[in-house]
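Q: sharing a model that was predicted from the sequence below.
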Amino acid sequence: MKHPVVLIADQLSPAAVDALGEGVEIRHCDGTDRAVLLAAVRDADALLVRSGTRADAEVIAAGTRLKVIGRAGVGLDNVDVDAATRAGVLVVNTPTANIVSAAEMTCALLLAAARNLPQAGRSLKQGSWERSRFTGTELSGKVLGIVGLGRIGALVAERLAAFGMEVISYDPYVAGGRPTELGIEMTGLDDLLTRADFVTVHLPRTPETVGLIGAEALAKAKPTAYFVNVARGGIIDEAALTDALRAGRIAGAALDVFENEPPADSPLLTLDNVVATPHLGASTHEAQEKAGTQVAESVALALKGAPVPDAVNAPRPFAGVSS
Ligand SMILES: NC(=O)C1=CN([C@@H]2O[C@H](COP(=O)(O)OP(=O)(O)OC[C@H]3O[C@@H](n4cnc5c(N)ncnc54)[C@H](O)[C@@H]3O)[C@@H](O)[C@H]2O)C=CC1
Ligand SMILES: O=C(O)CCC(=O)C(=O)O
């Protein structure tokens, strides 16, 4: 009997291959190359991706044998879950595998922006010794505004509270005592924007969140405020952010994610008051090992037709693929 084909379209930890076990045929392709992906997915029973591959309706339609799409990570904005559901394809992700890494990355970027670390390091390596040029901002006593108090937002709150920050948050969907337990004041978005010294967004990319922080929102911020985005490009509108940074209406930004990745010719990358990384929030050995193992275990279950704990949709049941 032919083994089910698992197509790995992004760079995954070797742990993913180990966790898939023996009874599958593993193939690799470059998911960022559309033609290659569309050709390779035709024979695939399972497709494994990170954020670099778009598993959209066209890919799902091309994958006529597909039973399951596994996303090694949190965000599902690169997977058309509705199209998958209509096609009877299960979608699974790893909702907790990389959250500590993403929270730590947020703290690292926020500190890097507050203390001008990349700029100062660059200047030093170029032979300068500019101590007063790179005077920074303390976090202690400052207000941190967290937009989106889910898993990552809450981890960021815990970590930055330890720096003596006062944490406030906007999340209309958070209920219960968790914010109180964490010592976080919940408030409206406008209030958060006017009070925060640092604003960090931890939202999924959805039609509701794209552009949530636009020109109007940025105009409410303090001129000394910093904006951090380790969630998804476009939640903070890039054109509006560029204008605000150029005009000195806010102090700086720290960005791990971009509307288009890679962000070819983005004016943001030319600004001195922008600290930027190439979508590295989940790029630690620990997070990648967990994400790879968890997604592979879920995919292996799905291919057997067994219930999958991290399923994000409920397509019609299928009987599994025998190996
Ligand atoms: N840069 C990176 O490498 C990484 C980025 N991410 C991104 O971070 C995002 C957040 O991840 P988690 O915290 O794990 O997700 P989560 O689902 O635990 O939390 C998201 C929170 O956003 C809130 N929310 C949704 N719509 C909102 C709105 N319009 N206004 C205010 N709040 C709203 C929800 O109520 C929820 O509490 C992911 O969707 C993903 O896109 C995640 C991991 C790594
Ligand atoms: O490792 C990746 O694919 C990026 C992580 C990410 O953005 C996510 O998990 O949502």
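A: Perfect, I can see it now. Model, not experiment: these values are computed from the prediction. Residues are numbered from 1 along each chain as shown. Ligands and ions are numbered 1, 2, ... in the order given.
Q: residues in contact with the residue in the stretch 151-300 of the chain positioned nearest to ligand 1?
A: The nearest approach of the stretch 151-300 of the chain to ligand 1 comes at residue 281, 2.5 Å away (C-beta to the nearest ligand atom). Every C-beta, even on glycine, is put in place using the N, C-alpha and C of the backbone. Taking C-beta atoms under 8 Å, 6 or more residues apart in numbering, we find residue 281 in contact with 98, 101, 102, 105, 106, 230, 256, 257.
Q: list the contacts for the residue nearest to residue 197 when sequence neighbours are not counted?
A: Sequence neighbours aside, residue 142 is the residue nearest to residue 197 in space, at 3.9 Å (criterion: C-beta to C-beta, 6 or more residues apart in numbering). Neighbouring residues of residue 142 by C-beta under 8 Å, 6+ apart: 165, 166, 197, 198.
Q: picking that back up, how close does the residue of the stretch 151-300 of the chain closest to ligand 1 sit to residue 75?
A: For residue 281, the distance to residue 75 (C-beta to C-beta, to the nearest Å) stands at 10 Å.
Q: helices along this structure, start to end?
A: 14-20, 34-40, 57-62, 81-86, 99-114, 117-125, 151-161, 178-181, 189-195, 215-219, 238-246, 285-303 (DSSP state H).
Q: quick check: mean pLDDT across the fifth one?
A: Per-residue pLDDT values over helix 99-114 give a mean of 98.
Q: do the shortest one as well
A: Confidence over helix 178-181, taken as the mean pLDDT, stands at 86.
Q: repeat that for the fourth one.
A: Within the predicted structure, the mean pLDDT of helix 81-86 is 98.
Q: return the distance of that helix from the chain's centre.
A: 21 Å (C-alpha atoms, centre = their mean, to the nearest Å).
Q: which bits of the stretch 1-150 of the chain sit near ligand 1?
A: Within reach of ligand 1 by C-beta under 6 Å from any ligand atom, the stretch 1-150 of the chain has these residues: 73, 74, 75, 98, 99, 102, 147, 148, 149, 150.
Q: pull out the buried residues from the lowest-mean-pLDDT helix or strand in the chain.
A: When each helix and strand of the chain is scored by mean pLDDT, DSSP states H and E, helix 178-181 comes last, with a mean of 86. Neighbour-count burial for helix 178-181 flags residue 179 (criterion: 16 or more other C-beta atoms under 10 Å).
Q: ok, residues contacting that helix?
A: Counting by C-beta under 8 Å, 6+ apart, 149, 154, 169, 185, 186 sit against helix 178-181.
Q: tell me the two of the residues you listed that are most distant?
A: The largest distance within the contacts of helix 178-181, taken as C-beta to C-beta, falls between 154 and 185 and amounts to 14.0 Å.
Q: lovely, talk soon.
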